[in-house]
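Visitor: Turn this into a model:
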Amino acid sequence: MAAAVSVADSEVIVRTSTIEPTSPHTATVFFFHGRGDKGESWSSVLQFLKNLYPHAKVICPTAIVRDFGQYQMEGWYGQELDGLGDSVHYLHNLIDQEIGNGIDASRIIVGGFSQGAVLTASGVYSYPKEIGGAMVLAGYAPPLEDFPVPFNPESATTELFWGHGILDDRITFARGKDSYERLEKLGVKGKLHGYEGLKHSLSQQELQDMKTFFAKKIGKVSTQNQEL
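Guide: Now for the predicted structure:
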C-alpha cells in the first residue's frame, strides 16, 4: 500500500460529529456533507444506525469554509475542484486510521451527498484497496484526468451505491448516470438508484434503500474481534 500523504485536519475540517458505538466497535461509517452544510446534519439523519448497529461508529466531519467567489461556505473543495486533493488525502488517512485501529477494511463504508458525494467517488476509487462500500448521493465523479489522486484498480471491487433524484436541478440525474457508467467501465460494480420526483434531496425510499445497503455491509457483528 502506498504511503499516505500527511494532511493536517485543520486544512480540511473544523470538527467532526460522531456517533460512538455502544457495543464492541467492529464497523465504521464516514459520511461527508454537501456544500454549505455541516456534519451534524448527517449524523442526525444517520441516527438510526445507532439502534440498528450498535457496533458501528459513524463519523460526519464538517468541512472548512472556502471561497466560492461571491460567497463563502463550507466545502470539500472550492471552484474548479480546488482543494479536492487535500480532502481526498484526508479521507484516505481516515480509512488508514480505522484499519490501524483494528477495523477490517470490509467493514468500512464511505458516503457523501452532493460535494461529499464527489469526495466519496474521488476518494474511494483512488484508495489502494477495496473497502466495504461507497455511497454516492446526488453527486458525480470527476473525469479520470481530474481525479486529484489517480484512480486505483485495486479499489474497483468496492461496491457502489449510487442514489440520485430524477428531477435533481443542481447535479442532474444525467450527469450522475454518466459518472456511474464511467466507473462501471473501469470495473466498478454496484447499482444506480434513480428516484422519481426527487430533486437535490433525500427521499424516504432512498433512505430505505440505504438501510438495505448498510444491512448488507455492516449488519452482522464481525467475528474478527468477538464471537457472534
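Visitor: where does the protein have low pLDDT?
Guide: 1-7, 221-228 (pLDDT under 70).
Visitor: where along it do the strands fall?
Guide: For the chain, the strands defined by DSSP state E cover 13-19, 27-32, 56-63, 65-67, 72-74, 108-113, 133-137, 160-165, 190-195.
Visitor: May I see these organised as a markdown table, with mean neighbour count added?
Guide: C-betas here are computed from N, CA, C, even on glycine. A markdown table is the format used below for these (neighbours: other Cβ atoms under 10 Å):
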| stretch | mean neighbour count |
| --- | --- |
| strand 13-19 | 16 |
| strand 27-32 | 26 |
| strand 56-63 | 24 |
| strand 65-67 | 14 |
| strand 72-74 | 14 |
| strand 108-113 | 27 |
| strand 133-137 | 27 |
| strand 160-165 | 25 |
| strand 190-195 | 17 |
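Visitor: Find the nearest non-adjacent residue to the most centrally placed residue in the chain, please.
Guide: The residue lying closest to the centre of the chain (Cα atoms, centre = their mean) is Gly111, at 2.2 Å. Once flanking residues are discounted, Gly111 sits nearest to Met135: 3.1 Å by Cβ to Cβ, 6 or more residues apart in numbering.
Visitor: The one you found reaches Phe113, doesn't it?
Guide: No. In this structure Met135 lies outside contact range of Phe113 using Cβ atoms under 8 Å: 9.1 Å.
Visitor: Return the distance of the closest residue to Lys211 other than its chain neighbours relative to Val110.
Guide: Residue nearest to Lys211 in three dimensions, not counting chain neighbours: Phe48, with 7.1 Å by Cβ to Cβ, 6+ apart. According to Cβ to Cβ, to the nearest Å, Phe48 stands 18 Å off from Val110.
Visitor: and if you look at Glu80?
Guide: Distance from Glu80 to Val110, by Cβ to Cβ: 24 Å.
Visitor: same question, Ile19
Guide: 15 Å.
Visitor: likewise Arg35?
Guide: Distance from Arg35 to Val110, by Cβ to Cβ: 18 Å.
Visitor: again with Pro150
Guide: 18 Å.
Visitor: is it true that Pro24 touches His55?
Guide: Yes. Using Cβ under 8 Å, Pro24 is in contact with His55, at 6.1 Å.
Visitor: neighbour count winner among the two?
Guide: His55 (20 against 12; other Cβ atoms under 10 Å).
Visitor: would you list every one of the helices in this protein?
Guide: In chain order, the chain shows helices spanning 39-45, 48-52, 84-100, 115-124, 173-185, 204-218, with DSSP state H as the criterion.
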